[in-house]
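Q: A structural model of the following input is requested.
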Amino acid sequence: MNGQKKNALGEIVVVGFALFSMFFGAGNVIFPPFLGMEAGSRWLEGFSAYFIADIGLAMMGMFALLRVGSSEQVLRRAGRIPAELLMCAIVLCIGPMVAIPRTSASTYEMAIAPNLSGVSPVVFSVAFFALILVLCLKESAVVDIVGKVLTPLLLVGLFAIIIKGIVTPLGEIADLPQISNVTVTGIKAGYQTMDALAALPFGIIILQSVTAKGYKQGKSQLRVVGGAALLAGVLLLAVYMGLAYLGATVSTQYTGSIGRAALIMAIVEALMGKTGVVIFGVVVGLACVTTAIALTSSAAAYFSELCRGKVSYKVFVAAICVFSAVVSNLGLDRIVAVAAPVLDVVYPPALVLICISLIMPKVHDFVSRGAVIGALLTSALCTLHTYGVSVPLVEALPLYDLGLSWVLPAVVFGLAAQLVTMLPSVRRREEPARRVGEKN
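A: As a prediction, the model looks like this:
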């Protein structure tokens, strides 16, 4: 029994480190310092909002996944076809269409170009994805590679920079913030990481790894994955808070006109000189490699499962790496610009399904579909309004300024669907199906 507990503790550490690296991508490096700079003396308030909107929602996704068994079960409450379309859109956005190419582009811009300016971005992207291909070909080893090797190196580099910034701060923290609403800015920065969406595909590879190690029962899986999620959350809390503080210490020196990547590069160089730039390049490279491994493995596993094994995991890994290498050379701004409206539409219904699976797992599927329809319609209208099609009605919705205008329509549509399920005609129609389910 003691041996089993020790093994479980070891797996919690390995899987927790892997989760940390999966969620900690290049975007997460640049957002907290910029938020800290803008928030000034209120950096902790802004950071708290960021952390909740980013990792708080991502952990909700992980526990929802663990509770119902698979990401497909989380989304399928919206209906089989809508669930498949939604999951496919999520995996494409956080996979080969946006996030995976972004890891290569970010590594080049923040790690390679400042230190090895003669390297071609095309040559680098080929080398980068060749490495990702090799590391992902053995699916069962991905979590161990990330958790045992890359994450400890990543943490050492990050904490070296953060501790240096705490011991010798770069300047005074500004009394007043540079932004009008610190909390809203923190929430929106958290949304931009897409970690809540990534939690669903990430869960596929985490559960597969835990199951392969012999944790096949619900309680044992909950102990390992739950403990790993808490460990990852604590590590992310420490790193994000440190990065936000570093940004706050230069809030009197820079304004929002500086780019996010340029800000963190300036902070690192001021703290540790050219050596620090090299260290930071290694940190960014490790963060991007670990994120690319996680995203590529998760996307390949999902598409292979979607094809019911007719196309193997390894074939999808190779295809994703080739496609991502091509896309990464098209330009980061163009990729993000095209993906932004899609993410604006996809995020709210996915979040609704995560919340329902976690908080109300036994609610009628019809209610889930109603809530999803409400969130989807509202997010689509808000996206149209944001991108030039005038829909002034959406501005009157509660929480519009927080980017949460879809919440009230989701609740209203869900309640309306609940009332429909209470109609006698609907109950009579569902009774035979319920009896069959009970027999099975």
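Q: would you mind giving the domain segments of the protein?
A: 2-329, 332-440 (automatic domain parsing).
Q: and the longest one, what's its mean pLDDT?
A: For domain 2-329, mean pLDDT rounds to 83.
Q: same check, this time on the last one
A: Per-residue pLDDT over domain 332-440 has a mean of 79.
Q: coming back round to it: any idea which of the domains of the chain is most buried?
A: Mean neighbour count (mean count of other CB atoms under 10 Å) peaks for domain 2-329 among those, with a mean of 20. Every C-beta, even on glycine, is put in place using the N, C-alpha and C of the backbone.
Q: and stretch 89-103, how far apart are its ends?
A: 19 Å (CA to CA, to the nearest Å).
Q: show me the helices in the stretch 251-400 of the chain, by range?
A: 260-306, 313-328, 332-359, 365-386 (DSSP state H, counting those that start in this stretch).
Q: so which of the ones you listed is nearest A49?
A: helix 332-359 (15.9 Å; CB to CB).
Q: returning to that earlier point: now distance to P121 too, for the helices of the stretch 251-400 of the chain, in CSV please.
A: Shown next, in CSV, are the helices of the stretch 251-400 of the chain (distance: least, CB to CB, whole Å):
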stretch, distance to P121
helix 260-306, 14
helix 313-328, 8
helix 332-359, 11
helix 365-386, 31
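Q: out of the ones you listed, which is closest to A244?
A: Short answer: helix 260-306, nearest of these by CB to CB, at 11.4 Å.
Q: quick one: the closest one to helix 313-328, angle?
A: 150 degrees (axes from the mean of the first three to the mean of the last three CA atoms, to 10 degrees).
Q: quick check, distance from helix 260-306 to the centre of its chain.
A: Relative to the chain's own centre, helix 260-306 is displaced by 14 Å; criterion: CA atoms, centre = their mean, to the nearest Å.
Q: can you check stretch 387-406 too?
A: 24 Å.
Q: would you mind pulling the contact partners of it?
A: For stretch 387-406, the external contacting residues (CB atoms under 8 Å, 6 or more residues apart in numbering) are 181, 184, 187-188, 191, 341, 348, 352, 374-375, 378-379, 381-382, 384-385, 407-409.
Q: ok so, going back, who wins for proximity to V91 among the helices of the stretch 251-400 of the chain?
A: Checking these against V91 by CB to CB gives helix 260-306 as the closest, at 5.1 Å.
Q: how near is G242 to L155?
A: Look at G242 and L155: by CB to CB, to the nearest Å, they are 11 Å apart.
Q: for A238, that is, sorry about that
A: 9 Å.
Q: and for L423?
A: Taking CB to CB, one finds L423 at 56 Å from L155.
Q: same thing with L330?
A: Distance, L330 to L155, by CB to CB: 33 Å.
Q: quick one, what contacts A299?
A: Contacts of A299 by CB under 8 Å, 6+ apart are V91, I94, G95, P96, I100, P201, F316, I320.
Q: if we ignore the residues flanking it in sequence, what's nearest the last one?
A: The one in question is I320. P96 (4.9 Å; CB to CB, 6 or more residues apart in numbering).
Q: can you check R260 too?
A: Leaving out its chain neighbours, the residue that sits closest to R260 by CB to CB, 6+ apart is I30, at 4.0 Å.
Q: who's in contact with the one you found?
A: I30 makes contacts with R260, A261, L263, I264, as judged by CB under 8 Å, 6+ apart.
Q: in three-state terms, label it for me.
A: Following DSSP: H, G, I helix; E, B strand; the rest coil, I30 is assigned to helix.
Q: quick one on the thing from earlier: from the contacts of A299, which ones fall inside helices?
A: V91, I100, P201, F316, I320 (DSSP state H).
Q: now the second one: how far from A18?
A: Distance, I100 to A18, by CB to CB: 17 Å.
Q: again, but for A228
A: For A228 relative to A18 (CB to CB), the value is 8 Å.
Q: before we move on, the earlier item: farthest-separated two in the contacts of A299?
A: Across the contacts of A299 (CB to CB), the longest gap, 15.1 Å, separates I94 and F316.
Q: any idea how far the residue positioned nearest the centre of the chain is from I179?
A: Geometric centre of the chain, nearest residue: D195, 1.3 Å, by CA atoms, centre = their mean. D195 is 22 Å from I179, where distance means CB to CB.
Q: and what of T249?
A: Taking CB to CB, one finds T249 at 17 Å from I179.
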